[in-house]
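1. return a 3D structure for these sequence lines:
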Amino acid sequence: MLAGVGSDSCKSDDYNMSGNTLEHVWATNGIRLIGDGVPGGDVNLARVRVKHWEEWFGYWAGRGDYYESLAREALARGRRKSAGELFWKASLSYHYAQFLWFHDPKNRDAGQRRKVDLYREGAPLFDMPAERFDILFESLTIPGYLRLPRTRSGRVPVVMVLGGLESTKEESYLFENRCLARGLATCTFDGPGQGEMYFQSKMRQDFHRFASAVVDWLEKRPEIDIGRVGVLGRSLGGFYAVHCAAHDPRFKACVAWGVLFDLSYYDSMGEPSALGFAYVAGYDDRRLAAPYLKQTLNLAGTAEQVRCPVYALHGALDKLIPATQVDKLRMALADNPDVEFDMPADGDHCCHNLYHVVRPRMADWVAERLGGHV
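-> Residues are numbered from 1 along each chain as shown. Just a heads-up that it's a prediction; the model follows:
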């Protein structure tokens, strides 16, 4: 268990929003945990045991330690596949331990590092292994993973999966499996302000340059058909996906999994998300972060440059990103002949409550555009 849980490092008075933070997390992300692969039993137990937000990190870190112990036991018995799955569950538990834990940088950062280390141990043990790469880019190192479908003949298409404000390269394992099953390779990496990269660089305006550097690396891989590269991003990652597709014509398909066009509404944004955006941009105060964030995260004049097919998924009941963001993207892409907007009437943020329906749909769309199989 990590040190410091429940200590004075937790500035709960500044963050708890009159005790509503825990309720907010369950209301907006409860089903997301299950969709991403957190065991339902762990989620149900958390709802019973975690009575206050201050208890959140400790509970999930404890689940991570538990799964790590099971993974090491399985590995000692030569059960490599089980060990890989258990290391992934341990990593995912630590991912959700540090989820929205911006008020306590010590444990936030430690949880992030534990997540990274646990996933890295499990990666070569996966049924379809995740190959770690570290790309030197200027003075920074871009960390990521490449996974290849089990059966393939010749070069295969690849989809780049981008994380958002609270999703990183380790979180997309189950969605990657959907893509791999459809004959697509998957490539994930952390960009500025995300995951491991946060420790090197906070959020920057030139995220697309990091994505293009990864595509440059993919060009050298003999397994990859560089003429069939797609990009898909969740929430803030949806912004990045459109941003990257606008700057690099090598992307032949683009999916915005949750539409974020700009942060013009930042001043009215709820505390957890607003503090998160400020945190990854390197600010302690959301008010001081506002001008930088509004300037940095704005697709006006950029989205119009996207020439590849686009699929945009957005829940009509999304309470984190207003539907007016979809209208802005729709207008910007008006001249693009191959654009599909999918807005389920009962969908919440990124349609996490409909994960069993919309995630296969997105994987199918990408496979159809890149020449995979459905």
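2. kindly list the longest strand within this protein.
-> Longest strand in the chain, counting residues (DSSP state E): strand 224-234.
3. what stretches of the stretch 51-200 of the chain score poorly on pLDDT?
-> Along the stretch 51-200 of the chain, the model assigns pLDDT under 70 to no residue.
4. how about the strands in it?
-> All strands of the stretch 51-200 of the chain, identified by DSSP state E, counting those that start in this stretch, fall at 130-137, 140-147, 156-162, 185-189.
5. for Val229, which of those strands is the nearest?
-> Val229 sits nearest to strand 156-162 of all these, at 5.6 Å, using Cβ to Cβ. Glycine gets a C-beta too; all of them are placed from N, C-alpha and C.
6. re earlier: for Pro344, find the nearest of the strands of the stretch 51-200 of the chain.
-> Across those, closest to Pro344 is strand 156-162 (Cβ to Cβ), at 21.0 Å.
7. sheet partners, orientation included, of that closest one?
-> According to DSSP bridges, strand 156-162 has the following sheet partners: strand 185-189 (parallel), strand 224-234 (parallel).
8. which ones are touching the residue of the chain most remote from its centre?
-> Here the chain reaches farthest from its C-alpha mean at Arg77, the gap being 32.8 Å by Cα atoms, centre = their mean. Residues in contact with Arg77 (Cβ atoms under 8 Å, 6 or more residues apart in numbering): none are found.
9. next: Asp190.
-> Ile142, Pro143, Gly144, Gly163, Thr168, Lys169, Glu196, Met197, Tyr198.
10. and the residues you listed as TSV, adding distance to Asp225 and neighbour count?
-> Output for the contacts of Asp190, formatted as TSV (distance: Cβ to Cβ, whole Å; neighbours: other Cβ atoms under 10 Å):
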residue	distance to Asp225	neighbour count
Ile142	22	23
Pro143	24	21
Gly144	19	24
Gly163	24	23
Thr168	26	25
Lys169	22	26
Glu196	28	20
Met197	27	24
Tyr198	32	20
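11. if we can go back for a sec, just say which of the strands paired with strand 156-162 is most tucked in.
-> Across these, averaging neighbours per residue (mean count of other Cβ atoms under 10 Å) puts strand 185-189 on top, at a mean of 27.
12. nearest to Phe126 among the contacts of Asp190?
-> Lys169 (13.6 Å).
13. my guess is the closest one contacts Gly191, does it?
-> No. Taking contacts as Cβ atoms under 8 Å, Lys169 lies outside contact range of Gly191: 9.5 Å.
14. so how far is stretch 334-342 from its chain's centroid?
-> 24 Å (Cα atoms, centre = their mean, to the nearest Å).
15. measure that stretch end to end?
-> Its first and final residues considered, stretch 334-342 spans 15 Å by Cα to Cα, to the nearest Å.
16. residues contacting Ala300?
-> Contacts of Ala300 (Cβ under 8 Å, 6+ apart): Phe261, Asp262, Lys328, Ala332.
17. which SSE is immediately downstream of the helix or strand harbouring the third one?
-> The secondary structure element spanning Lys328 is helix 324-332 (assigned by DSSP states H and E). Later in the chain than helix 324-332, the nearest helix or strand by DSSP H and E is strand 339-342.
18. buried residues in the helix holding Lys328, which are they?
-> Of all the residues in helix 324-332, those buried under the rule 16 or more other Cβ atoms under 10 Å are Gln325, Val326, Lys328, Leu329, Ala332.
19. need the strands of the stretch 51-200 of the chain in a markdown table (columns: distance to Lys115).
-> A markdown table is the format used below for these (distance: least, Cβ to Cβ, whole Å):
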| stretch | distance to Lys115 |
| --- | --- |
| strand 130-137 | 14 |
| strand 140-147 | 12 |
| strand 156-162 | 16 |
| strand 185-189 | 13 |
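20. looking at those strands, which is closest to Asp248?
-> Using Cβ to Cβ, the nearest of the strands of the stretch 51-200 of the chain to Asp248 is strand 156-162, at 10.2 Å.
21. at which residues are the helices of the stretch 1-150 of the chain located?
-> 12-15, 21-36, 40-49, 56-76, 80-97, 105-122 (DSSP state H, counting those that start in this stretch).
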